[in-house]
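Visitor: Okay, here's the prediction I keep looking at, along with the sequence it came from:
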Amino acid sequence: MGEEGGCFHEATIMGQDGIPRTVRVPVVQELARQGLKFLPERFIKARNPSHEANITLPMFPSINMAKLGQQAEPGVRAQELAQLASCAKEWGMFLVTDHGIHPSVVHGVKDVVQGFFRLPLEEKRASVGSYASIDNMGYGRNFVKSEDQALDWIDRLAMKAAPKGVDEGLLVWPQKPPNFRQVMAKYVEQGRKLCDHLLQALAEALSLSPHDFIQNFDPEWSEINVRVNYYPPCPQPELALGITPHSDASGLSLLTQFGCSGGLQVLKGLNWVTVPWPCDELLVNVGDLLEIMSDGRLKSPWHRVVATEKERFSVALFYNPPCSTEIQPVEDGDGAYKKVVVGDYVRHFYEISPTLEKQAIAYAKKA
Ligand code: OGA
Ligand code: NI
């Protein structure tokens, strides 16, 4: 089957005339199955060569959550908090170990995700409903803004996992594999605990009250979105991107990956740096909402995904305060940020399709 052979995701974009239009985006997994030698033109991304420094880091900062627990020896805990402060400020991103999520839970996630993506296309489609009115959810397209944009080398599956009842009446969780939702729910529950612990530790690490960030995350109404990213093997990975440069709109993002490593890059100064992130390990990054809460003391890192020769999967949990929460930046920062309502910020984020030149976070900065 050629590129025009009929395996497409559909996406709705807003035309310049203000009228929504449906565009078709190839199912990347189906393209990859054809064993192409060359990357189809729609996926070719112009990259700035001077930002491709090919820096290889031997390792990446890692935080041992057990050392941040109340039972930890005070000197050990203080040292780990200092390490947390330094990597959260320097990278906005770090690995976590001894995090209390059992390896069997992470492996369960890997199994159901692979199980889903190994289904034939028609079964994948039949297995998942869609959020009719919410763009960028369900199985299929990555976020598409215009007809002529260079496309990301990715298929993805996105679901709302919290608050309770958010998906009522919507058939958005895959029916196959049959334990998909149950396995993911367990991971989400444990992931939330880890994020809650981190939110308190991050505040402490900045010498704030432990409550300062987590007070925005109402236990009943906070949101958790699950995003499964599938990056099929790419014929010319140096020409493609799995995900275009972005920062996450979230409070915190928690990620795991499997298949292969080496896809995630973070912007450090002017250079894209590959994150040394072993498979099955957990990685956390600060999102825009936490940058705002911290009055800019924590940075939401710009990151992107490069395509790889081998297939790669990642699962991201995006943890946000409830939509209606007004977040107030902490007082003893630089006073550079103003208070914003979470839902307004997130809406703005998706409306403007942020780029490095036009960042969503400007919305929350004082003039
Ligand atoms: C994301 C993201 C990174 C990855 O889903 O927002 O940045 O490695 N994913 O897939
Ligand atoms: Ni991201």
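Guide: Looks like it came in fine. Ligands and ions are numbered 1, 2, ... in the order given.
Visitor: Tell me the helices and strands packed up against the longest helix along the chain.
Guide: Counting by DSSP state H, the longest helix found in the chain is helix 180-205. Judged by 3 or more C-beta pairs under 8 Å, 6 or more residues apart in numbering; DSSP states H and E, helix 180-205 is in contact with helix 74-90, helix 103-117, strand 155-162, helix 211-214, strand 223-231, strand 252-258, strand 282-286, strand 312-320. All C-beta spots, glycine's among them, are computed from the backbone N, C-alpha and C.
Visitor: Tell me how many other residues crowd residue 284.
Guide: For residue 284, the count of nearby residues is 24 (other C-beta atoms under 10 Å).
Visitor: quick thing: my sequence starts at 10, can you match it?
Guide: All set: I'll call the first residue 10, so the last point we hit is now residue 293.
Visitor: quick one on the thing from earlier: which of the helices and strands packed on helix 189-214 sits closest to residue 311?
Guide: Of all those, it is strand 291-295 that lies closest to residue 311, at 10.4 Å by C-beta to C-beta.
Visitor: From the chain's centroid, how far away is that closest one?
Guide: Distance, stretch centre to chain centre, for strand 291-295: 9 Å (C-alpha atoms, centre = their mean, to the nearest Å).
Visitor: hmm, that strand in reach of ligand 1?
Guide: No - Strand 291-295 lies apart from ligand 1 when judged by C-beta under 6 Å from any ligand atom; the minimum separation is 7.7 Å.
Visitor: how about whichever residue of the chain sits closest to ligand 1, what does it touch?
Guide: Residue of the chain nearest ligand 1, by C-beta to the nearest ligand atom: residue 323 (3.3 Å). Neighbouring residues of residue 323 by C-beta atoms under 8 Å, 6 or more residues apart in numbering: 237, 238, 240, 264, 265, 266, 267, 272, 273, 314.
Visitor: what pairs with it across the strands?
Guide: Residue 323 has the following beta-bridge partners by DSSP bridges: residue 238, residue 266.
Visitor: What's the per-residue pLDDT of it here?
Guide: Confidence at residue 323, expressed as pLDDT, is 98.
Visitor: Also residue 341?
Guide: Note for residue 341: predicted pLDDT of 77.
Visitor: Same check on residue 337?
Guide: 97.
Visitor: cool, residue 159 as well?
Guide: 90.
Visitor: now residue 283
Guide: If you check residue 283, the pLDDT there is 95.
Visitor: who's in contact with it?
Guide: Residues near residue 283 by C-beta under 8 Å, 6+ apart: 64, 65, 66, 271, 273, 274, 315.
Visitor: again, 6 Å this time
Guide: 271, 274 (C-beta atoms under 6 Å, 6 or more residues apart in numbering).
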